[in-house]
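Enquirer: Quick one: sequence and predicted model below, then my questions.
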Amino acid sequence: MLKVLFSINKKLLSFYIIIAFFTLWEVAPRIGWANPQFMPPLSHVLASAKEVTLMKILLDTCVSLKRIIIGFTLSTVLAVPTGFLLGGAFPKISKFFKPLLSFLAQIPPFILFPVFVIIFGIGEKGIYTVILWSAFWPIMFTTISGVQNVDPLLIKSAISMGSNNATIFFKVIIPAALESIIIGMKTGMSMAFMMLIGAESLGADSGLGWLIRNSQSMGFVPRIYLAVILVAVLGLAVNYFLQWLEESIIVWK
Amino acid sequence: MKGFIVWLKNVILGSLSIILFLIIWEVASRTGLVIKSVIPPPSLIVQAIIQSAQSGELLMHTAESLKRASIGFLLAIIIAIPVGFLLGTFFKILEKALLPFFKILEKLNPFAIFPVFMIILGIGNIEKIAIIFWVAQWPLLFYTIAGTKSVDPYLMKSARSMGANRRRLFLDIILPSAVPSIFTGIKLSAQISFFMIIASELIGSTEGLGWYFLAANQAFSIPLMYGIILVITILSVIINVLFSKLERHFLTYKESTFQVN
């Protein structure tokens, strides 16, 4: 009996800290440890949700979600084939362009956001371009390295068993490169998500990033924290989705 | 002499794509293929950078940004690495409890956290340093903990059986084994520090490269904008290369058992 309790205790350990954290958040401003003006207790933060109305919260969350999903999917659809082409079909071209591409990839995406706004105008296009840009580079580079690091032995055995090019591509190269690609997708997703909030803060009129910015400039302090919590939840959700995607695709691990 | 020629050849071949890209850009912008006011030719951009450098503005803002980032970064090193060691070696239960919580904190979007820092600490040097400290500490903490965990248990056991006391164990076994991982963390932390100082200055500041960029944006000095992007990218590349060299220097005596990059 005691053993069962202990094992449950061990598993819940991480949750204790989270509960302790939220309790602290509730208590500290009330007893004066933290200035309630700048750090309102948790209950106030959650109550402000009613002010903003559930509808608006859902709307902003959905807008942000839509932007990240469409932007990220578009980015993957562009980056993976490019990576395959550069890594597998035209390795010499890839080597030639590598310095240029590495340099472009190193430009911090949010510094490009105002440039994109100038080029594409204010509105959705700029945000989508930033998300696309941020996720494109990691995915493309990891695809290239994934393709180039396929064990040549696998390819040789496939050839010696008489497979044509298509079979080799679909049954050997893609699965072997998949692990690398998914790592790139995770990196790309975390970059894109960061940029999403940043871009929404700078130049959008809807979405969670905008909500944070708007609450800050209007001085509704509890709403800022509310939006921060929502962003955290969204981030975790998106992360779990990618994790689930990885586990359902790579079943042979 | 031959080595030098080979090196020179590699450098030229390598930069060929960049040079080609710049030439195409220059031509496209000047002939009107792309709108000149929206995407200015590289020659104008370089002109703007030189002007800005001559007036001393560029240097001042760059120094301001680097100063804030370095202080935050150093603070993070001083605090996060020892804490990482403590958590990884002596307080293992605490570490197991805190780690998932810390991971969630790390994943919290820094852009979302900026406003929180801004309302609590205002807009100034202290707030910027606090932000950099926050983002810089996570890679340091996690990689230090990972480093302490990566110690070969047989090494520990043989050292203990040879009578090493706790201090010896720490200084001679754990510390050297953890060093490569720690320097990977240092590299990542430096990169993210620079990244975040520019980002936070974009959102709320009165000086620094990020603010300078925003000011150029609002004044419609488009070539200057591109110029600042170039400066920021070059700085970021320099930091990358420097810390990668540092990391590789400490990674040499240990086979890296995990490839994170």
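Expert: Okay, I see it. Numbering: from 1, shown residues only, chains lettered A, B, ... in the order given.

Enquirer: ok, now which ones touch the nearest residue to residue A:245 once chain neighbours are set aside?
Expert: With C-beta to C-beta, 6 or more residues apart in numbering or on different chains as the measure, residue A:182 is the residue that lies nearest to residue A:245, at 7.6 Å, once sequence neighbours are left out. Any C-beta I mention is one placed from the backbone N, CA and C, and that applies to glycine too. With contact taken as C-beta atoms under 8 Å, 6 or more residues apart in numbering or on different chains, residue A:182 is in contact with A:242, A:245-246, A:249-250.

Enquirer: Which of the residues you listed sits closest to residue B:118?
Expert: Distance ranking of these against residue B:118, using C-beta to C-beta, places residue A:242 first at 30.4 Å.

Enquirer: Next, count neighbours for the closest one.
Expert: Per other C-beta atoms under 10 Å in any protein chain shown, the neighbour tally for residue A:242 reads 16.

Enquirer: my guess is it meets residue A:188, correct?
Expert: No - under the contact definition of C-beta atoms under 8 Å, residue A:242 does not touch residue A:188, with a separation of 9.6 Å.

Enquirer: re the thing from before, pick out the lowest-pLDDT one from the contacts of residue A:182.
Expert: Within those, the minimum per-residue pLDDT falls on residue A:250 (78).

Enquirer: and that one, what does it touch?
Expert: Shown here is residue A:250, whose contacts under the criterion C-beta under 8 Å, 6+ apart are A:178-179, A:182.

Enquirer: Tell me which of the residues you listed fall in helices.
Expert: Judged by DSSP state H, helices contain the following of these: A:178-179, A:182.

Enquirer: May I see the buried residues of the host helix or strand of residue A:82?
Expert: Following DSSP states H and E, one finds residue A:82 within helix A:54-84. If you call a residue buried by 16 or more other C-beta atoms under 10 Å in any protein chain shown, then helix A:54-84 has these buried ones: A:57, A:60-61, A:63-65, A:67-68, A:71-72, A:75-76, A:79-80, A:82-84.

Enquirer: can I get the contacts of residue A:250 in a markdown table with distance to residue A:153 and pLDDT?
Expert: Conversion of these to a markdown table gives the following (distance: C-beta to C-beta, whole Å; pLDDT from 0 to 100):
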| residue | distance to residue A:153 | pLDDT |
| --- | --- | --- |
| A:178 | 18 | 88 |
| A:179 | 17 | 85 |
| A:182 | 22 | 90 |
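
Enquirer: Mind putting these into a markdown table with distance to residue A:213?
Expert: Conversion of those to a markdown table gives the following (distance: C-beta to C-beta, whole Å):
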| residue | distance to residue A:213 |
| --- | --- |
| A:178 | 38 |
| A:179 | 38 |
| A:182 | 33 |
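
Enquirer: pLDDT weak spots in the chain?
Expert: With no chain named, the answer covers chain A. Counting by pLDDT under 70, chain A shows low-confidence ranges at A:11, A:13-14, A:34, A:52, A:253.

Enquirer: hm, I was asking about chain B
Expert: Of all residues in chain B, those with pLDDT under 70 make up the ranges B:252-261.

Enquirer: which ones are touching the spatially most central residue of it?
Expert: The geometric centre of chain B, computed from its C-alpha atoms, lies nearest to residue B:191 (C-alpha atoms, centre = their mean), at 1.0 Å. The neighbourhood of residue B:191, defined by C-beta under 8 Å, 6+ apart, consists of B:236, B:239-240, B:243.

Enquirer: among those, which are within reach of chain A?
Expert: Taking C-beta under 8 Å from any C-beta of the partner chain as the test, chain A is in contact with B:236, B:240 out of the contacts of residue B:191.

Enquirer: closest to residue A:5 among the contacts of residue B:191?
Expert: residue B:243 (47.4 Å).

Enquirer: What segments of the chain are helices?
Expert: This is for chain A. Assigned by DSSP H, the helices in chain A fall at A:2-31, A:42-52, A:54-84, A:91-106, A:109-120, A:124-148, A:152-160, A:165-167, A:174-203, A:208-218, A:221-249.

Enquirer: other chain: chain B
Expert: Assignment of helices within chain B using DSSP H yields the ranges B:2-30, B:42-54, B:57-89, B:92-107, B:110-121, B:125-149, B:153-161, B:166-168, B:175-203, B:209-218, B:222-251.

Enquirer: helices or strands up against the second one?
Expert: Secondary-structure packing of helix B:42-54 (3 or more C-beta pairs under 8 Å, 6 or more residues apart in numbering or on different chains; DSSP states H and E): helix B:2-30, helix B:57-89, helix B:222-251.

Enquirer: neighbours around residue 245, how many?
Expert: No chain in the question, so chain A it is. The number of residues packed around residue A:245, counting by other C-beta under 10 Å, is 13.

Enquirer: was after chain B, sorry
Expert: Neighbours around residue B:245, by other C-beta under 10 Å: 10.

Enquirer: Quick one: residues contacting it.
Expert: Contacts were defined as C-beta under 8 Å, 6+ apart; by that measure residue B:245 touches no other residue.

Enquirer: Next one: it relative to chain A, how far apart?
Expert: Between residue B:245 and chain A the computed distance is 16 Å (C-beta to the nearest C-beta, to the nearest Å).

Enquirer: Since that was my last question, I'll sign off now.
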